[in-house]
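Visitor: show me how the following folds:
(one chain, ligands or ions: 1)
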Amino acid sequence: MSHRKWNITIAILLLIFISLLACFYLSTMRIRQLIQPILSDDSSQAAMHHVILISQELDNPYWRSIEQGAIDASAKYGMQLEYEGPIRIDPQEQIKLLEKAISAKADAVLVQGMNDPQSVAIINQAVSQGIPVITVDTDEPTSKRLSYVGTNNADAGKTMGELVAKAAENRGSVAVMIGNELAPNQQLRLEGFRSVISRFPELSLVDVRSSDISRLQATGETEKLLIQYPNLEYMVGLSALDGIGIADAVERLRPNGPQIFAFDALQETLMQIASGKIHSTIVQQPYDMGYDAITLLNDFFQGKKLPEQHFTKIKVMDQPTLKNETGETGS
Ligand code: BGC
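Guide: The predicted structure follows:
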């Protein structure tokens, strides 16, 4: 082959090589463009903290409000919230869910305190593994939980005592329904209540029963109380479904019977206040508990020190305050 032909062949090969290189470069750029959104999505997923909230009972309306607050705050702070809980109140199941959350390596856990050595041990194990735990609704003060978010339950019990003493003009007989015998928040409310009632010698606490946070059970226990104490004048419910459960039994057995004092602001409780079947209720802020617990977690992830306890507010709601706030009347 002549010298000239060689030059032409080399030039053609060089051109082919350069165009292949250009094609390769362009397709690399195209692939990079295509996978960029997937890559950045992956990294935001990885950065998103996965928080597990464990309730006392999955579909209890009070716990659903805590969940809603936690969902809204999670959306604000870019966290991913998972809500779990036993179908019916079951402390053993709650402990299992706590264990599961830790072995699943959640980034943080919100859980109800249970005053149980097993739950304390698991919370401590979580914290030692670097998983922050915040107690909501009920504290577990002997554990290494980072903070407690919820009502000051002893104070709420005292407020209930003062409410009843005032309505009763410091005399009469009262029975109490607690949500659960083992739940520390219920015990604190009861202690606070007793501490006020015991100041009045003519006001006596005749019985304490448990509803196991079930409306039906509150009704059943109230029926027994009304039979056992035909002159009972006041009844107090210390958890969310007790007031309306008590009211069901009172309406059936003694419609002009004991005056009822409730806890929390379920829609039906407010309706019964409006219609005069329930005297008043102590309103907790479950939505704020969920919202504030996630806000504190966000502070923690940003390196801030959390307060030992973060108390959410309570307020008393009776017919006049209800009317003021909502314009609702009994008619
Ligand atoms: C209590 C919760 C409980 C709920 C049950 C609330 O008053 O604070 O601990 O789970 O009632 O209905």
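
Visitor: check which helix or strand covers residue 50.
Guide: Assessed by DSSP states H and E, residue 50 sits inside strand 49-54.

Visitor: what's the answer for residue 127, then?
Guide: Assigned by DSSP H and E, residue 127 belongs to helix 117-128.

Visitor: tell me the buried residues in that helix?
Guide: 119, 120, 122, 123, 124, 126, 127 (16 or more other Cβ atoms under 10 Å). All C-beta atoms are positioned from the backbone trio N, CA, C, and that covers glycine.

Visitor: now swap in stretch 208-225 and tell me
Guide: 208-215, 217-223, 225.

Visitor: how about residue 272, what does it touch?
Guide: 243, 244, 247, 260, 262, 278 (Cβ atoms under 8 Å, 6 or more residues apart in numbering).

Visitor: how close does residue 242 get to residue 128?
Guide: 38 Å (Cβ to Cβ, to the nearest Å).

Visitor: how about residue 92?
Guide: For residue 92, the distance to residue 128 - Cβ to Cβ - is 23 Å.

Visitor: can you show me the strands along the protein?
Guide: All strands of the chain, identified by DSSP state E, fall at 49-54, 79-84, 108-111, 133-136, 147-150, 172-178, 203-210, 234-237, 259-263, 280-283, 309-311, 315-318.

Visitor: which one of these lies nearest to residue 27?
Guide: strand 79-84 (35.6 Å; Cβ to Cβ).

Visitor: the strand holding residue 50 vs the ligand: in contact?
Guide: No - taking Cβ under 6 Å from any ligand atom as the criterion, strand 49-54 and the ligand are apart, separated by no less than 12.0 Å.

Visitor: pLDDT on that strand, on average?
Guide: Mean pLDDT, strand 49-54: 98.

Visitor: strands paired with it, and their directions?
Guide: strand 79-84 (parallel), strand 108-111 (parallel) (DSSP bridges).

Visitor: quick one: buried residues of the longest one?
Guide: Taking 16+ other Cβ under 10 Å as the basis for neighbour counts, the residues of strand 79-84 that come out buried are 79, 81, 83, 84.
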